[in-house]
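**Q** Quick one: sequence plus predicted model below, questions after.
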Amino acid sequence: MIDLILTCLITGLMVGIVALSFTVLKRMDIANKLFMIADVLLLIGLAIILVCIYIEDNFV
């Protein structure tokens, strides 16, 4: 489970950095798509963390 969380968070950060580089190059169409992908990856990672905390608190 920790592998999935770290994969989502690290990949989201990497995609966000690539999107920033496209922003600098004035390629806003690609940058906007990459920012949306980065947001989704980061939200998935954080949602998994919240679900793990919820399960640990209620079922242990």
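**A** Yep, that arrived. Numbers count the residues shown, from 1 in each chain.
**Q** Give me the most central residue, the protein.
**A** Central residue of the chain (CA atoms, centre = their mean): L42, 2.0 Å from the mean position.
**Q** I5 contacts I48, doesn't it?
**A** Yes: between I5 and I48 a contact is recorded at 5.2 Å, counting by CB atoms under 8 Å. The C-beta positions use only the backbone N, C-alpha and C, and glycine is treated the same way.
**Q** ok, and the closest non-adjacent residue to the residue nearest to the centre of the chain?
**A** For L42, ignoring the flanking residues on the chain, the nearest one in space by CB to CB, 6 or more residues apart in numbering is G12 at 3.9 Å.
**Q** longest helix in the chain, by residue count?
**A** Assignment by DSSP state H gives helix 28-59 as the longest helix of the chain.
**Q** What are the buried residues along that one?
**A** Neighbour-count burial for helix 28-59 flags A31, L34, F35, I37, A38, L41, L42, I44, G45, I48 (criterion: 16 or more other CB atoms under 10 Å).
**Q** Compile the residues you listed into TSV and extend it with columns for pLDDT and distance to I55.
**A** As requested, the buried residues of helix 28-59 are arranged in TSV below (pLDDT from 0 to 100; distance: CB to CB, whole Å):
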residue	pLDDT	distance to I55
A31	94	36
L34	95	32
F35	96	31
I37	96	27
A38	96	26
L41	95	22
L42	95	21
I44	95	16
G45	94	16
I48	93	11
